[in-house]
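Visitor: Could you look at this predicted model? Sequence included:
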Amino acid sequence: MENTTLKLRGMSCASCARSIEEAIREVNGVNECIVNFGTELATVEYDPRKTDVTVIQQAVDEAGYSARPLQEQNPAAQHDEAEKRRQSRETNELTRKVVVASILSGIIVIGSIPMMTGLHVPFIPMWLHDPWLQLVLTIPIQFWCGLSFYSNAWKAFKRHAATMDTLVALGTSTAFIYSLFPTFFPNFFISQGLRPDVYYEAAAVIIALILVGKLLESRAKKETGVAIRKLIGLQAKTACLIRNGQEIDIPIEEVQIGDVILVRPGEKIPVDGEVIDGTSTIDESMVTGESVPVKKQSGSEVIGATINKTGSFKFKATRVGKDTVLAQIVQLVQQAQGSRAPIQRLADSVTGWFVPAVIAIALLTFMIWFNIMGNLTLALITTVGVLIIACPCALGLATPTSVMVGTGKGAENGILIKGADSLELAHKIKTIVLDKTGTITQGKPTVTDFVTTNGTANGNEIKLLQLAASLERNSEHPLAEAVVRYAQTQEVGLVSVENFEAIAGSGVQGVVDNHLIQIGTQRWMSELNVKTQVLEKEKERLEYLGKTAIYIAIDGKLQGLMGISDAVKPTSAQAVKALQKLGLEVVMLTGDNRRTAETIAKEVGIKRVLAEVRPDQKADTVRKLQREGKIVAMVGDGINDAPALAQADVGIAIGTGTDVAIAASDITLISGDLQGVVTAIQLSNATIRNIRQNLFFAFIYNVAGIPIAAGILFPIFGWLLNPIIAGAAMAFSSVSVLTNSLRLRNFRPKVIA
């Protein structure tokens, strides 16, 4: 299966999005399709052996819309100059139509005041009352300004579908066509005892108001996507390459892996790379959310789009184009903004039958008022009112716009959310499971104690360290790296190892000079029948200090013990406290021994500890917590955390960890700070609260508005909703939802002391 993302054109409401979804899903080979009305994106999963993007595009075209693939080579592709010019042309044309419709409809309304009020207004010239003049003024509004409503309604009709454009076209056409009869045949109405009233002002003003709403909606939609534009705007435009000793400025698109780049103070780093010469401090806040500049020296990794603060340095490019951290962040945010939250299902199910139901209600309204009351004018006004006030747009925008702003705010705070479902589920979390190494601790263990059973006589300690470090050099485990670093500080040379083997969750073994070397946990030593009692007191001392004790055995006999310390991150205790104050159960999950784990847990305030858990048991442990009826989030950074991250309801990866862990997660914390977990949950709560507000506004608007427009209050209070007011309400319903969504831009993480 392959995935593609299409940029859509021509949608006017959620019903259009549903039509496009159905058209794409009917293509042979398409497995899944999600159309997001808010972002105007379609995410399609398809079998390339059965179909391709061109066929999918053709299906969209035949449905009456248009689509084009997003270019993945450049993260800024969808915001290129051609796209900006196209958007500018559309906005300018819409603005012109709004101006023309507003001016002409304003003149028509002034001329209609005597008819609407039944009063003679001296300062309004009589010629403005002339229905022929009003007809002439209405025609350009009806057939130029409102042309898109009619063309889209016709396209929907040919697909046997109905959209918001259908309602607008029916409502305004009803008012316009009816008005033609008293204009051309006024005497017929007079002979029937009816006033030859015309309703051109209703058709004209409704179109004008809806166009104003569309213009405001368009501008508000752009604001919801401001996060993507901010991220893309961070990218440097050029890079200073060092070639043959010369400094050459080239466009960032021409940088290749392996190029050596010079960065001066105050400049943006163009691409990702590794420092090879010089030192500096770098502001990484725009990518990680961390406000404190980070010191960089030879060997340090640098991220494209971050800002060099102090010294000059040279670095070698390691990732360019779509592979840079910034490009991947943009891609993840786009992916999240194009996804669909489960809470949207209710709105989707409603929009499926909404427009046909409204048309049925409008027809029923006309028949009731005309047949029961015998009042054609009343029947006409209520019918037009029902058609115009109903708007599925607000329902379609309620969820995606909040998700767009929410995921964008997450990216600004160094939190990458892969999908709307993860964003929604995060607010339901009851239990947070934290891996110890690299999550609660810094993930940079250091050997602090080295004890041998035979002391230091005859260089025994140095020889044993050489054997241990030589064996551990073949392992990628953080504890193994600590042993190798310690040997390097002691200037101990390493030797070759044969038959190396890593036993997950236990240790490593290999052969050196025909001697079997085994390094690992006390549990594993017991399984190997290696006696460890001689160093038991030393081991207990290390564990009470929160250090990890690992044993060294040669040919089945204990030879030494190392104590390895991994400092707790400065913010871990505060983050744990904040999570607990949010009402969450915080659990530590580690393969380390219980005594060491409990010491670390006590330091950060965690009460429940699951220790001595093998890597292959971590996913089962998460599964057991889920069986307790809890929504579980797992936070980890290592390869052995990936199964548990995938098993958890919400997997949260530390961005400084492995690619495997990040790929298996739902949320990634770029900075590696546990405070990001707190921020992610707070953001989820704020976003879901915002979505619920939007859905309430959208539903209550239609639930209350349609009956009032149908005239339900007229028999009781004599209140009748003017179609013009209905048009205004319809136009601004979507704007109100968008405005509420934009409030999420003010989200700030709350500091929980």
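Guide: Received the coordinates, thanks. Numbers count the residues shown, from 1 in each chain.
Visitor: dump the residue contacts of I250.
Guide: Listed by C-beta atoms under 8 Å, 6 or more residues apart in numbering, the contact set of I250 reads T238, A239, L241. Heads up, the C-betas are built off the backbone N, CA and C, glycines and all.
Visitor: Give me the phi and psi for the first one.
Guide: Torsion angles at T238 (phi, psi; degrees, to the nearest 10) stand at phi -130, psi 170.
Visitor: What of the one 5 residues further on?
Guide: Dihedral angles phi and psi of R243 (degrees, to the nearest 10) take the values phi -130, psi 120.
Visitor: count of neighbours near it?
Guide: Neighbours of R243 under the rule other C-beta atoms under 10 Å: 10.
Visitor: could you list every residue that touches it?
Guide: By C-beta under 8 Å, 6+ apart, the contact set of R243 is V260.
Visitor: Report all helices and strands that the longest helix along the chain contacts.
Guide: When the chain is parsed with DSSP state H, its longest helix is helix 81-117. Counting contacts by 3 or more C-beta pairs under 8 Å, 6 or more residues apart in numbering; DSSP states H and E, helix 81-117 packs against helix 131-140, helix 200-224.
Visitor: Okay, angle between the longest one and helix 131-140 too, please.
Guide: In terms of direction (axes from the mean of the first three to the mean of the last three C-alpha atoms, to 10 degrees), helix 200-224 departs from helix 131-140 by 20 degrees.
Visitor: ok, now how distant is I107 from I141?
Guide: Separation of I107 from I141 (C-beta to C-beta, to the nearest Å): 11 Å.
Visitor: still on that earlier bit, residues of the longest helix of the chain that come out buried?
Guide: By 16 or more other C-beta atoms under 10 Å, the buried positions in helix 81-117 come out as 94, 97-98, 100-102, 104-105, 108-113, 115.
Visitor: Pick the one among those closest to W524.
Guide: Within the buried residues of helix 81-117, distances to W524 taken as C-beta to C-beta reach their minimum at L94, with 70.6 Å.
Visitor: nearest residue to the closest one other than its sequence neighbours?
Guide: L215 (5.3 Å; C-beta to C-beta, 6 or more residues apart in numbering).
Visitor: who touches that neighbour in this structure?
Guide: Contacts of L215 were listed using C-beta under 8 Å, 6+ apart, and they are T91, L94, T95, V98.
Visitor: Nearest to W132 among the buried residues of helix 81-117?
Guide: Among those, and counting by C-beta to C-beta, the member closest to W132 is G111, at 11.1 Å.
Visitor: In contact with the closest one, which residues?
Guide: Listed by C-beta under 8 Å, 6+ apart, the contact partners of G111 are I124, L128, H129, D130, L133, Q134, E201.
Visitor: would K295 count as being in a strand?
Guide: Yes. Assessed with DSSP: H, G, I helix; E, B strand; the rest coil, K295 lies in a strand.
Visitor: which residues does it form a beta bridge with?
Guide: K295 has the following beta-bridge partners by DSSP bridges: T281.
Visitor: Return the per-residue confidence for it.
Guide: K295 carries a pLDDT value of 86.
Visitor: Can I take it that I242 is in a strand?
Guide: Yes. Membership of I242 in a strand is supported by three-state DSSP.
Visitor: now it, nearest residue through space, not along the chain?
Guide: Leaving aside its sequence neighbours, I242 sits nearest to V260 (C-beta to C-beta, 6+ apart; 4.5 Å).
Visitor: Can you list the low-confidence ranges for the stretch 1-150 of the chain?
Guide: 13-14, 38, 71-84, 86, 113-124 (pLDDT under 70).
Visitor: what residues are up against E543?
Guide: Contacts for E543 were tallied using C-beta under 8 Å, 6+ apart; they are A549, N593, R595, T596, T599.
Visitor: Please save the CA atoms from the strand or helix carrying it in PDB.
Guide: Taking DSSP states H and E as the criterion, E543 maps to helix 536-544. Extracted in PDB, the C-alpha atoms of helix 536-544 (Å, rounded to 0.1, in the frame of the first residue of the first chain):
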ATOM      1  CA  GLU A 536      26.500  -8.700  47.900                       C
ATOM      2  CA  LYS A 537      27.100  -5.900  50.400                       C
ATOM      3  CA  GLU A 538      28.800  -3.800  47.700                       C
ATOM      4  CA  LYS A 539      25.900  -4.400  45.400                       C
ATOM      5  CA  GLU A 540      23.400  -3.300  48.000                       C
ATOM      6  CA  ARG A 541      25.400  -0.100  48.700                       C
ATOM      7  CA  LEU A 542      25.300   0.800  45.100                       C
ATOM      8  CA  GLU A 543      21.600   0.100  44.700                       C
ATOM      9  CA  TYR A 544      20.700   2.200  47.800                       C
END
